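Student: One predicted model, sequence on top.
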Amino acid sequence: MPRISAATVADHRASQHAALLEAAIEILNSEGHAALTPAAVGARVGLARSSVYRYFSSTADILAQLAEEAIPRWTARLRSAAADGGVRAFGLTTLTFVHSRDYVLLRTFASIDVPAGCQARLDELHAAMVEPLRDLAAAQGHPHPSLLAHLGWSILGEGSRQLAAGGDPAVVIETTLDVLCRAMLTSR
């Protein structure tokens, strides 16, 4: 009989699930996506592989659940930054993602074949991340706020790639934010 390490079975399962997700992100960051398997995740937390399948149906499911946990958290940060500090704060928050442990998810999804249904969900999550930038463009009266937001997101994407490649953070961040603000605040 398995030991329950929480007040209720539901609490125990939630705790186990959180521990498995934590183990998965650790494996991705330390060993790469090829090392991410249900067995490896289970071993990291001391759970049999067969028990891991109560939480995840496959490696792809592990990745999908990681994305479902991380992207809404980052979206909330972006919304807050945009509301509190506008375009520049949104941009700076986006660039800080590169140095977060969640950044490995972006690198992983860019390097694997993602099933169509999963890709559609990733596209929805991505759109939610860009939405605060679109809202800022709309508030400024830009006639094409969605286009401008996606162009701004592309600027931030290149800044992120430069940071990830080891670019001088002071130069990359200031230049990226300058270009983003010029594009977003002067386009009409």
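Tutor: Perfect, I can see it now.
Student: Counting residues, what is the longest helix that the chain contains?
Tutor: helix 59-96 (DSSP state H).
Student: and that one, which residues are buried?
Tutor: 59, 62-67, 69-71, 74-75, 77-79, 81-82, 86-96 (16 or more other C-beta atoms under 10 Å). Yep, even glycine has a C-beta here, placed from its N, CA and C like the rest.
Student: Quick check, central residue of this protein?
Tutor: The centre of the chain sits closest to residue 71, judged by C-alpha atoms, centre = their mean, with a distance of 4.0 Å.
Student: what about the closest residue to that residue other than its chain neighbours, which helix or strand?
Tutor: Excluding the flanking residues, the one nearest residue 71 by C-beta to C-beta, 6 or more residues apart in numbering is residue 125, at 4.2 Å. In this structure, residue 125 sits in helix 116-139 according to DSSP states H and E.
Student: Identify the residues contacting that helix?
Tutor: 60, 63-64, 67-68, 71-72, 74-75, 78-79, 81-83, 86-87, 90, 109, 114, 144-146, 148-150, 152-153, 184, 187 (C-beta atoms under 8 Å, 6 or more residues apart in numbering).
Student: 7 Å instead?
Tutor: Outside helix 116-139, the residues within contact range by C-beta atoms under 7 Å, 6 or more residues apart in numbering are 60, 64, 67, 71, 74-75, 78-79, 82, 86-87, 90, 109, 114, 145-146, 148-150, 152-153, 184.
Student: can I get the CA coordinates of it in PDB?
Tutor: Extracted C-alpha coordinates of helix 116-139, given in PDB (Å, rounded to 0.1, in the frame of the first residue of the first chain):
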ATOM      1  CA  ALA A 116      -0.900  19.100 -34.500                       C
ATOM      2  CA  GLY A 117      -3.300  19.300 -31.500                       C
ATOM      3  CA  CYS A 118      -0.500  20.200 -29.200                       C
ATOM      4  CA  GLN A 119       0.800  22.800 -31.600                       C
ATOM      5  CA  ALA A 120      -2.600  24.400 -31.800                       C
ATOM      6  CA  ARG A 121      -2.700  24.700 -28.000                       C
ATOM      7  CA  LEU A 122       0.800  26.200 -28.000                       C
ATOM      8  CA  ASP A 123      -0.300  28.700 -30.600                       C
ATOM      9  CA  GLU A 124      -3.300  29.700 -28.300                       C
ATOM     10  CA  LEU A 125      -0.900  30.100 -25.300                       C
ATOM     11  CA  HIS A 126       1.500  32.100 -27.400                       C
ATOM     12  CA  ALA A 127      -1.300  34.400 -28.600                       C
ATOM     13  CA  ALA A 128      -2.300  35.000 -24.900                       C
ATOM     14  CA  MET A 129       1.300  36.100 -24.300                       C
ATOM     15  CA  VAL A 130       1.200  38.600 -27.100                       C
ATOM     16  CA  GLU A 131      -2.200  40.000 -26.100                       C
ATOM     17  CA  PRO A 132      -1.000  42.600 -23.600                       C
ATOM     18  CA  LEU A 133       1.200  44.100 -26.300                       C
ATOM     19  CA  ARG A 134      -1.700  44.100 -28.700                       C
ATOM     20  CA  ASP A 135      -3.800  45.900 -26.000                       C
ATOM     21  CA  LEU A 136      -1.200  48.500 -25.600                       C
ATOM     22  CA  ALA A 137      -1.100  49.200 -29.300                       C
ATOM     23  CA  ALA A 138      -4.900  49.400 -29.400                       C
ATOM     24  CA  ALA A 139      -5.000  51.800 -26.500                       C
END
